[in-house]
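K.L.:
Below is the sequence, then the predicted model.
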Amino acid sequence: MTNTDQGTARGDAASSAPSSSQLADRVERVLDGLAGVSDRGLVHVRNEDAMALDRNAAGLVAVVVSDGVSSSPDPQLASRVAADVTLQALLDTGADPGPASPRRVRTAVAAGARAVEALATGDEGPACTLVAAVIDPGGTGPAATGAGGDTAGGPQIIVAWVGDSRAYWLDAAGVASRVLTNDHSWAVEVVAAGRLDAASAALDRRAHAITRWLGAGGEPIPELALLVPEGPGVLLLCTDGLWNYLPAAEDLAAVALPRALRDPAGAAAALTDVAIEAGGRDNITVALVPVLRTAPAAD
């Protein structure tokens, strides 16, 4: 098993040993065919994003991306705790054996929310958004993500999110790439309610204000989506530090594919570079999971 986790700091190489916060400026994670990058960007003084990814002995793959709410105290703590606790709960089959289920995903997000709420002091505490996914290989053989082995069925993906961190499906055939989540934001909700059209809502100063989050005063109720891919592709989870520059699934796919199918770490770095070169005004986190097995044909 290949498992590397690298943190790098920006600044003078001749300076003394960097602090833990400096080490978090950029984190690169590679784990058996899935990968992620989290970068401070060019404007923020610290990286308030976090990611976590792993697989368990049953072959389930889980990925979590979290974005700290900058207006809250110590948002980097919220995102780190939310990512770690949610990931652990997604992959812990002890209390919920068998295939991944919506119930397990909701339970995992609830565990992450409780862990963030526990960081609060009095009425104030850190907050974050979160997007999480669990990929079930759909059989008793080796995992359906990455290389190797046959499976009895095709993979199934459950995505959960709270806030405006997003999940995308990047279709290897180039015909079905799409966003899997809808932002819990002021603009999305007023458009859905018919109060404004999308163009007018986007111009409002409240457009990107989130309406759900984990942490003090938040409504940490996740929305769920189920995806059963009909062919190979890549699951992308990211914070708005990426999608603010490339919101369309087709544009993300144009950068990431086909490289992400064989080199998710390189593709994650390329997507991060696009955001940095465009201005890097926010922290940037992107995680990629190639899904190479196709679903079984219908009878």
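P.N.:
Yep, it's here.

K.L.:
So which residues of the chain form strands?
P.N.:
3-8, 26-31, 34-39, 49-55, 61-68, 127-136, 156-162, 166-171, 178-179, 214-215, 223-227, 233-238, 284-291 (DSSP state E).

K.L.:
of the ones you listed, which approaches Ala254 most closely?
P.N.:
Ranking those by distance to Ala254, with C-beta to C-beta as the measure, places strand 166-171 first at 9.4 Å. The way it works is simple: take the backbone N, C-alpha and C, and place the C-beta from them, glycine included.

K.L.:
Which strands and helices lie in contact with the closest one?
P.N.:
Contact analysis of strand 166-171 by 3 or more C-beta pairs under 8 Å, 6 or more residues apart in numbering; DSSP states H and E lists strand 127-136, strand 156-162, strand 178-179, strand 233-238, helix 249-256 as its packing neighbours.

K.L.:
Please work out how many residues are found near Val175.
P.N.:
Using other C-beta atoms under 10 Å, Val175 has 8 other residues around it.

K.L.:
Which one of the helices and strands packed on strand 166-171 lies nearest to Arg205?
P.N.:
Distance to Arg205, taken as C-beta to C-beta, is lowest for strand 127-136 among the helices and strands packed on strand 166-171, at 19.2 Å.

K.L.:
between the closest one and strand 34-39, how big is the angle?
P.N.:
On the basis of axes from the mean of the first three to the mean of the last three C-alpha atoms, to 10 degrees, strand 127-136 is oriented at 170 degrees to strand 34-39.

K.L.:
sorry, back to before: put together JSON lines for the helices and strands packed on strand 166-171, with mean neighbour count on each row.
P.N.:
Compiled in JSON lines, these are given as follows (neighbours: other C-beta atoms under 10 Å):
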{"stretch": "strand 127-136", "mean neighbour count": "28"}
{"stretch": "strand 156-162", "mean neighbour count": "24"}
{"stretch": "strand 178-179", "mean neighbour count": "15"}
{"stretch": "strand 233-238", "mean neighbour count": "29"}
{"stretch": "helix 249-256", "mean neighbour count": "19"}
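
K.L.:
In TSV: those, plus distance to Ala50 and mean pLDDT.
P.N.:
Listed next are the helices and strands packed on strand 166-171 as TSV, based on distance: least, C-beta to C-beta, whole Å; pLDDT from 0 to 100:
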stretch	distance to Ala50	mean pLDDT
strand 127-136	8	96
strand 156-162	14	97
strand 178-179	21	98
strand 233-238	12	98
helix 249-256	21	98
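
K.L.:
Need these in JSON lines (columns: distance to Asp25).
P.N.:
JSON lines is the format used below for those (distance: least, C-beta to C-beta, whole Å):
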{"stretch": "strand 127-136", "distance to Asp25": "18"}
{"stretch": "strand 156-162", "distance to Asp25": "26"}
{"stretch": "strand 178-179", "distance to Asp25": "28"}
{"stretch": "strand 233-238", "distance to Asp25": "18"}
{"stretch": "helix 249-256", "distance to Asp25": "22"}
